[in-house]
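Visitor: make a model of this:
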Amino acid sequence: MLSTFMNAENSNGKPKIVHHYNMNMGGVDGADMLLHFYNDNRKSTKVRKKLAFNIIHRMCSNAYILYKKNTSDMPIKPRLRFVQEVIEEISREHHANRGKPVRGVIRNRNIGIQPIQGNKEKDCIVCSDRSTGQRRRSRSQCRSCRRGLHFACSDRHVCPEEEE
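Guide: Numbering: from 1, shown residues only. Sure thing, here's the model as predicted:
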C-alpha cells in the first residue's frame, strides 16, 4: 500500500495504514469479504451467469446476517451450514414439483408417435412457432392428428380432437 496520509510505522506487526484501513473499512468491503469466503467463481465467459451467481451469493450472505441478528437458536449455525440448508430446501421444492404438469397443459401419455414416410420433415406442433421465427422441424408425427411432433414434446401435445 502506498500512502501520503500516514508514515510507514508498524503497529501490532502491521503497517499503520493497514490498521487504519481495517478500522474504517466500509460495508461494501465487508460484504465483498464475506462473499469471497465461499467463492465458487466458475470459468464462464457469460457475464450474465457470473452476475446471477454474484446476486445469489449476496442474497445468501444478507439472509445469514439477518439470521444471526434475529435467531434464538443456540449455538448459531455456521455460515456454511446455513447456506447448505438453504440450498437443500430450494432443491427439495424443485424436486417436489418436477413431476407435476404445467398449468394449462393436458398431458396424455397414450399419444402415439410414428416416423414420417419418405424422410420428410414437418414443423413440431408444440415447440415450433413460425410467427416468431422459431421453426423446429421433426421427422416424426402424431398418429391421430398427423402433425409434426418431437418425442420429447409428446407429453405436452394435445390433439385438436381431444380439446373438444
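Visitor: CA atoms for contacts and neighbours, from now on please.
Guide: Noted.
Visitor: could you give the number of residues near Val83?
Guide: Neighbours of Val83 under the rule other C-alpha atoms under 10 Å: 18.
Visitor: same check on Leu149?
Guide: Using other C-alpha under 10 Å, Leu149 has 29 other residues around it.
Visitor: then Tyr21?
Guide: Neighbours of Tyr21 using other C-alpha under 10 Å come to 10.
Visitor: now the helices for the chain?
Guide: Assigned by DSSP state H, the helices in the chain fall at 16-23, 27-37, 47-70, 79-96, 160-163.
Visitor: export those to TSV and tack on distance to Gly148 and mean pLDDT?
Guide: TSV is the format used below for the helices of the chain (distance: least, C-alpha to C-alpha, whole Å; pLDDT from 0 to 100):
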stretch	distance to Gly148	mean pLDDT
helix 16-23	66	78
helix 27-37	49	69
helix 47-70	34	86
helix 79-96	31	84
helix 160-163	13	62
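Visitor: Phe5 is nearest to which of those helices?
Guide: Taking C-alpha to C-alpha, helix 16-23 is the member of the helices of the chain nearest to Phe5, at 8.2 Å.
Visitor: what residues does the closest one touch?
Guide: With C-alpha atoms under 8 Å, 6 or more residues apart in numbering as the test, helix 16-23 has contacts from 1, 3, 6-11.
Visitor: out of these, who's the most crowded?
Guide: Neighbour-wise, the contacts of helix 16-23 (other C-alpha under 10 Å) top out at Ala8, 14 neighbours.
Visitor: so who does that residue touch?
Guide: Going by C-alpha under 8 Å, 6+ apart, Ala8 touches 15-17.
Visitor: so how far is Lys14 from it?
Guide: 10 Å (C-alpha to C-alpha, to the nearest Å).
Visitor: do Arg48 as well
Guide: As judged by C-alpha to C-alpha, Arg48 and Lys14 stand 39 Å apart.
Visitor: also Phe37?
Guide: Distance from Phe37 to Lys14, by C-alpha to C-alpha: 22 Å.
Visitor: check His157 too.
Guide: From His157 across to Lys14, the span is 69 Å (C-alpha to C-alpha).
Visitor: the two: which has the busier surroundings?
Guide: His157 (22 against 11).
Visitor: how about the closest residue in space to the more buried one that isn't next to it in sequence, what does it touch?
Guide: Distances taken as C-alpha to C-alpha, 6 or more residues apart in numbering place Val126 nearest to His157, at 6.2 Å, with adjacent residues excluded. Applying C-alpha under 8 Å, 6+ apart to Val126 gives the contacts 149, 153, 156-157.
Visitor: mind doing that once more with 10 Å?
Guide: Contacts for Val126 (C-alpha atoms under 10 Å, 6 or more residues apart in numbering) come out as 136, 147-150, 152-158.
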